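Asks: Could you work out the structure for the sequence below:
(one chain, ligands or ions: 1)
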Amino acid sequence: MRPPRPADDENASPSRFGAGLTRHQRRRQEWRLRDEHSEELLDDCGLRLADWLANGAATVVKQGAHRAVYRLALPSGNYYLKQYRLAGPRAWLQNNLRPCRSYREAAGITRLSTVGIQTAELVAVGRETHGPFSGESFVLTRELPHTRPLDEFLRNAAEASLLEERGDQASLRRRVIEQLASLTASLHRHGLFHADFHAGNVLVQSDGDGARLFLIDLLPLRTEAMTPQRRWSMLGMLATSLSPHASRADRRRFLDAYSKSLGVHDDPRTVEAFCAAEVVRRQSRADRKWRRGNRHVAILDADGIACRGLAEIGRETLVAWRNSIARGEAASLPKTATLRRLPAGNAAREAWENGHALLRRGMPVARPLMFLEKRNGGIIVRDGAMPCATFPEWLRHASDGVCREDHVETLAAVGRLLRRLDDAGFTAPPDAIAVSTGGGVIVDRPEQVVRRTIWRPRREGSPQRMLSTISNIADRTTVETAYRGTTARPAESTTEPQSVVRRRVPFQRAAAAVLLAITTLFAGCRSIEKPTTVAALPAKHSVRASQLVLISDFKLAKDDPLVDDLIDLREQVVSTLQLPEPRQDVVVYMFSNEDAYRRYLEMVHPGLPSRRAYFVGTKKELAVYTYWGDRIQEDLRHEYTHGILHSSLAAVPLWLDEGLAEYFEVAGPRPGGMNGDYPHQLAVAVANGWRPDIDRLEQVEEFSQLRRIDYQESWAWVHYLLHASPDTRQELLAYVSDLRDSTRPQSLSDRIATVEPSYPARFLGYVATLNSSGGAVIRAASEL
Ligand SMILES: [Zn+2]
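Replies: Have a look, this model is predicted:
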């Protein structure tokens, strides 16, 4: 957590924010409010909350460990009450080392009004006092009538614009977006940073032709020096919350108005690229939190059953559903809910997790309420009726009784949905999409949807597979046109390899332009002595060999030993792991020196740990970034191995990805050479009490969590599995084979345990023999 600005804490004192409010002490509660409210709000003990809850004047809006929000309907008007709770010693400490949270929020409200940004009116602020210490604290604000959150407004405006008031709604929408831009600019002009700047915290009050915006929830408001990074970080938060509702035109309009209002010259392409990366980063963080379990998820695992449900449904209800479903009886589900059986494995969990991930991105999908998984199969319970047909079924029957207009509209809807999925980093097979009776299109089988994120990519990057199922050419064109939308974006082709090389040049020019813009933009806040330099991708020369494309600024011969070695490596990886032929190109960007390489990465992916090479998989490209240095061969072998794996498999668990890359980076006529002093270091670690744990490795999902010993351990597991016995080898191959289609097959540790229950001991013994064998020791290094 960042240290608070002293100015923010000074402002959070009643002497600063309390103008017009008087102090009222009631037993252990201290209040600041206008005298006319004291009778209505307080009795002898303090706030009348218990009374209001009892007589129905207060209703709970949100309830959590850290705070509760109530709506109050009192004779003098309607109010919102926020109650900041103290969950644990840490919260208590924070509440007392700094002004209490209600005081800080009150300071934020006052601060906003002084700079002319509208927010809810502050009516009362209170805190519990325990001697000199603060306990729980309260903020009471007046309800803003006829308002709704911005995200809801935009969603409804989008729906309404499909109806007759198209023109009015569209112009209202434009005005709201421009006002949002000027509100944001105004915050930045006054050095105000909102650390939770999302569309839910912006309220829209519209009366048909005009609209006013209010910013609420001001505890995370603080004073900051407004660097471009800080400004953009707020734009990124906003973009994340608006991503399901805002179009490209909306984003452009926002950026235009924002730059004009603030008087800055941010390059729109650069800011858009930055925000797009932020959206991906923030959404995948939300996905991870969801997977681990958070306050919205009730974990209901029972004997031999994995089960999770939406916490808001209530634990008791969920347990009742779980028990009756597990017994095979009809559960007393709500009328709108439906239940779907899924094969054994992880399908039910995938349907649950992907379903919620898609919902967070505003995709049309039935809301998963609960999943349940047993050894012999899984079940997903979701909200909403069953759609009438999968998209392929619908195509087959579409000719009977559907008028042509509806037919075209549905096809276009499929195209738009595919595009949105694609932009969000998901690939959906045709069966995953369904068409409902009204012609609406939804993702009906989220368990079949595959994610592709920046660091763990997936080979399919276009709707080709979907398109190939549509035999009618006119239909196909409709879907494809809608998929492409208004932006010119060539459909990616995997059949004509040369096109990849040709297309790359304009892309690089664009990238260089963006980078130049970034450099210029940040030049002001970096040290002045440093000359402004442009970091750009190598572009001058390219060599192609099988699915490998090497791009550099210096000339590399096609028969360079380095290129030959990589071609051999590809054969080794494919035959050792019995992989299908890799289908996607791996593009290696080879910088001529370390400096150019580092500058480029720092510009495009700021904050990445410093490494000699990176493999970055996106939906568009499997790319390796590295530079010509002493260890170029092993670095290239390592990263190219990642590329081959990701080009052949649906998913590669992080530990296995690194274990295999460490395994294959060792050059030699046959794979399996010792990787540097790994055997020795592992033996030392074992002597010092370290124990391998493949279960734990399998849980690691972020490369930043991989420690040096984890790379070594991963390498050793791969070596063990491939060489200890035919059985272990078979288990690894079967696992790799499952990874071709499934992103989460049965875990490898479970499989090995079945074949060889005492495998941990065997593995330790194997590690010891590796160290004494003194096999062909070849110099190599981990990425750390
Ligand atoms: Zn690696």
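Asks: Where does pLDDT dip in this structure?
Replies: In the predicted model of the chain, residues 1-6, 157-168, 208-209, 398-405, 451-469, 483-535, 603-609, 618-620, 704, 773-784 satisfy pLDDT under 70.
Asks: Might you enumerate the residues of it proximal to the ion?
Replies: E658, A661 (CB under 5 Å from the ion). No exception for glycine: its C-beta is placed from N, CA and C like everyone else's.
Asks: per-domain residue ranges of the chain.
Replies: Annotated domains of the chain cover 6-142, 147-292, 300-383, 389-484, 671-784 [automatic domain parsing].
Asks: how long is the second one from one end to the other?
Replies: Here the two ends of domain 147-292 are set 35 Å apart, with distance taken as CA to CA, to the nearest Å.
Asks: can you check the third one too?
Replies: End-to-end span of domain 300-383 (CA to CA): 19 Å.
Asks: And the residue of the stretch 201-350 of the chain that's closest to the ion?
Replies: At 19.0 Å from the ion, S284 is the closest residue in the stretch 201-350 of the chain, using CB to the ion.
Asks: in which helix or strand would I find that residue?
Replies: helix 268-292 (DSSP states H and E).
Asks: Just give me how far that helix sits from the chain centre.
Replies: Chain-centre distance of helix 268-292: 5 Å, with CA atoms, centre = their mean, to the nearest Å.
Asks: And the next helix or strand past it?
Replies: Downstream of helix 268-292, the first helix or strand assigned by DSSP H and E is strand 297-299.
Asks: other SSEs contacting that following strand?
Replies: Judged by 3 or more CB pairs under 8 Å, 6 or more residues apart in numbering; DSSP states H and E, strand 297-299 is in contact with strand 306-310.
Asks: quick one: contacts for P669?
Replies: By CB atoms under 8 Å, 6 or more residues apart in numbering, the contact set of P669 is empty.
Asks: three-state assignment of it?
Replies: coil (DSSP: H, G, I helix; E, B strand; the rest coil).
Asks: again with P99
Replies: Secondary structure, three-state DSSP: P99 is coil.
Asks: Do I have it right that it meets S13?
Replies: Yes - look at P99 against S13 with CB atoms under 8 Å: they come within range, at 6.4 Å.
Asks: hmm, back to that, now for the residue of the stretch 201-350 of the chain closest to the ion, how many residues are close by?
Replies: 19 (other CB atoms under 10 Å).
Asks: cool, Q681 as well?
Replies: Every residue meeting other CB under 10 Å relative to Q681 is counted, giving 15.
Asks: Okay, and it sits in which element?
Replies: helix 678-687.
Asks: Buried residues, that helix. List them.
Replies: Y678, P679, L682, A683, A685 (16 or more other CB atoms under 10 Å).
Asks: repeat for stretch 254-262
Replies: By 16+ other CB under 10 Å, the buried positions in stretch 254-262 come out as F254, L255, A257, Y258, S259, S261, L262.
Asks: Contacts only, for the first one.
Replies: Contacts for F254 (CB under 8 Å, 6+ apart) come out as I177, E178, L180, A181, A246.
Asks: If you rank those residues by neighbours, which is first?
Replies: That'd be L180 among the contacts of F254, by other CB under 10 Å, with 26 neighbours.
Asks: As a check, name the ranges of all helices in the stretch 601-750 of the chain.
Replies: Under the criterion DSSP state H, counting those that start in this stretch, the stretch 601-750 of the chain contains helices at 632-648, 654-664, 678-687, 694-699, 708-723, 726-738, 748-755.
Asks: which SS class is R23?
Replies: Going by three-state DSSP: R23 is strand.
Asks: thinking it is in contact with D35, fair?
Replies: No - assessed by CB under 8 Å, R23 is found out of contact with D35, at 10.6 Å.
Asks: Please give the number of neighbouring residues around P268.
Replies: 16.
Asks: list the contacts for it?
Replies: P268 is in contact with R252, L255, D256, S259, counting by CB under 8 Å, 6+ apart.
Asks: Quickly note the distance from it to D710.
Replies: Relative to D710, P268 is positioned 41 Å away (CB to CB, to the nearest Å).
Asks: again with F153
Replies: 47 Å.
Asks: Likewise for R476?
Replies: Separation of R476 from D710 (CB to CB): 47 Å.
Asks: what's the answer for I752, then?
Replies: 18 Å.
Asks: V718 now?
Replies: Distance from V718 to D710, by CB to CB: 13 Å.
Asks: on that earlier part again, and which of the contacts of F254 is nearest to the ion?
Replies: Lowest distance from the ion to the contacts of F254 (CB to the ion) belongs to A246, with 35.8 Å.
Asks: burial measure for the nearest residue to the closest one once chain neighbours are set aside, as a count.
Replies: Closest residue to A246 apart from its sequence neighbours, by CB to CB, 6 or more residues apart in numbering: L154 at 6.6 Å. Applying other CB under 10 Å, we find 22 other residues in the vicinity of L154.
Asks: which residues touch L154?
Replies: By CB under 8 Å, 6+ apart, the neighbours of L154 are R173, V176, A199, L242, H245, A246, D250.
Asks: D8 too?
Replies: R104, A107, R222, T223.
Asks: So for this structure, the centremost residue is which one?
Replies: S284 (1.7 Å; CA atoms, centre = their mean).
Asks: Stretch 140-158: which residues count as buried?
Replies: Buried residues in stretch 140-158, counting neighbours by 16+ other CB under 10 Å, are found at L140, T141, L144, T147, P149, L150, D151, F153, L154, R155, A157, A158.
Asks: what's across from the fourth one in the sheet?
Replies: Legend: beta-bridge partners of T147 under DSSP bridges are Q205.
Asks: what residues are up against it?
Replies: L203, V204, Q205, F214.
Asks: pretty sure the second one is touching H146, no?
Replies: This means V204. No - V204 is beyond contact range of H146, at 9.4 Å (criterion: CB under 8 Å).
Asks: quick one on the thing from earlier: quick check: neighbours shared by P99 and S13?
Replies: With CB under 8 Å, 6+ apart, P99 and S13 have common neighbours A107.
Asks: And the two? Which one has more around it.
Replies: Neighbours were counted for P99 and for S13 using other CB under 10 Å; P99 has more, 24 against 13.
Asks: residue contacts, the more buried one?
Replies: Contacts for P99 (CB under 8 Å, 6+ apart) come out as D9, A12, S13, A107.
Asks: and what of G200?
Replies: Going by CB under 8 Å, 6+ apart, G200 touches P149, L150, D151, S241.
Asks: can we see that at 10 Å?
Replies: By CB atoms under 10 Å, 6 or more residues apart in numbering, the residues touching G200 are P149, L150, D151, E152, I216, D217, S241.
Asks: do the same with R340
Replies: R340 neighbours (CB under 10 Å, 6+ apart): 347-348, 351, 366, 368, 371, 378-382, 386, 444-445, 447.
Asks: Please apply the same query to D217.
Replies: 69, 82, 105, 108, 119-120, 194, 196-198, 200-203.
Asks: ok, of those, which come out buried?
Replies: By 16+ other CB under 10 Å, those give V69, K82, E105, G108, T119, A120, H194, F197, H198, N201, V202, L203 as buried.
Asks: So which of those sit within strands?
Replies: Those of the buried ones among the contacts of D217 mapping onto strands are V69, K82, H194, V202, L203, per DSSP state E.
Asks: quick one: which two of those residues are the most distant?
Replies: Considering CB to CB, no two members of these lie farther apart than V69 and H194, which are separated by 18.1 Å.
Asks: Show me the helices in the stretch 51-200 of the chain, by range?
Replies: 89-97, 101-114, 150-160, 166-189.
Asks: in terms of contact, does A389 touch G440 like I think?
Replies: No - counting by CB atoms under 10 Å, A389 does not reach G440; the two are 11.9 Å apart.
Asks: More neighbours: which of these two?
Replies: For A389 versus G440, neighbours defined as other CB under 10 Å are more numerous around A389 (17 against 12).
Asks: any chance of the contacts of P268 in CSV, with secondary structure too?
Replies: Formatted as CSV, these follow (three-state DSSP):
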residue, secondary structure
R252, helix
L255, helix
D256, helix
S259, helix
